[in-house]
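J.: dropping a prediction and its sequence here:
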Amino acid sequence: MNILVSACLLGENCKYNGGNNFNQAVVDYIQGHIVISSCPEMLSGLGCPRECVELIDGVFTTKSGKNVTAEFQKGVALAMEQVYAQKIDLAILQSRSPSCGVNQIYNGTFQGALMQGEGLFAKTLKDAGIPVMDCEDIQP
């Protein structure tokens with residue numbers, strides 16, 4: 001099976017703050033499969049570290065108020081090229097991310113509060129018929 005995984009879950013330092021979200025349960029789960037690592041936010045050219053982004057009224061906005069929706073759309077389009085080129089069977093994504101959040105995302109207040117919703121990449125994958133899992137649903 002070809003599994004796309006949020007790059008930060010595999011230990012790549014691509015998180016907005018320069019760190020990662022290494023997840024041993026995910027690494028164990030994907031053993032024996034073809035793994036494709038992806039970070040739409042890095043593909044977009046936003047760089048790392050970068051300013052925190054949350055979705056506010058449908059607009060991807062940095063904490064300082066800059067609209068980065070075009071960058072998010074570009075990153076997701078490039079990530080989807082990977083998906084189609086690799087014939088992805090499943091995506092395992094980082095929780096709460098404005099790109100990869102599967103069940104919840106931050107609510108746009110930059111206070112750490114969550115709301116039901118999905119990131120742009122997660123939504124695009126679902127719309128394309130690709131099964132998506134939240135990394136927190138994988139138990140060690």
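T.: Looks like it came in fine. Residues are numbered from 1 along each chain as shown.

J.: only C-alpha atoms for contact and neighbour calcs from this point on.
T.: OK.

J.: state the pLDDT value of residue 13.
T.: With respect to pLDDT, residue 13 has a value of 98.

J.: also residue 140?
T.: Reported pLDDT for residue 140: 77.

J.: neighbours of the residue lying closest to it once chain neighbours are set aside, how many?
T.: Nearest non-adjacent residue to residue 140, counting by C-alpha to C-alpha, 6 or more residues apart in numbering: residue 25, 4.7 Å away. Number of residues near residue 25 (other C-alpha atoms under 10 Å) recorded here: 15.

J.: so residue 25, which of the three states?
T.: When classified by DSSP: H, G, I helix; E, B strand; the rest coil, residue 25 comes out as helix.

J.: I'd guessed it sits against residue 92; true?
T.: No. Residue 25 is beyond contact range of residue 92, at 11.3 Å (criterion: C-alpha atoms under 8 Å).

J.: what about the helices in the protein?
T.: Here the chain has its helices, by DSSP state H, at 24-29, 40-43, 69-86, 120-127.

J.: just name the most buried of the ones you listed.
T.: With neighbours taken as mean count of other C-alpha atoms under 10 Å, the helices of the chain reach their highest mean count in helix 40-43, at a mean of 22.

J.: which elements pack onto that one?
T.: Packing contacts for helix 40-43, counted by 3 or more C-alpha pairs under 8 Å, 6 or more residues apart in numbering; DSSP states H and E, involve helix 69-86.

J.: mean confidence score for the helix it packs on?
T.: On average, helix 69-86 scores 97.

J.: who's in contact with it?
T.: 2, 4, 36, 38-46, 59-61, 99, 120-121, 124-125 (C-alpha atoms under 8 Å, 6 or more residues apart in numbering).
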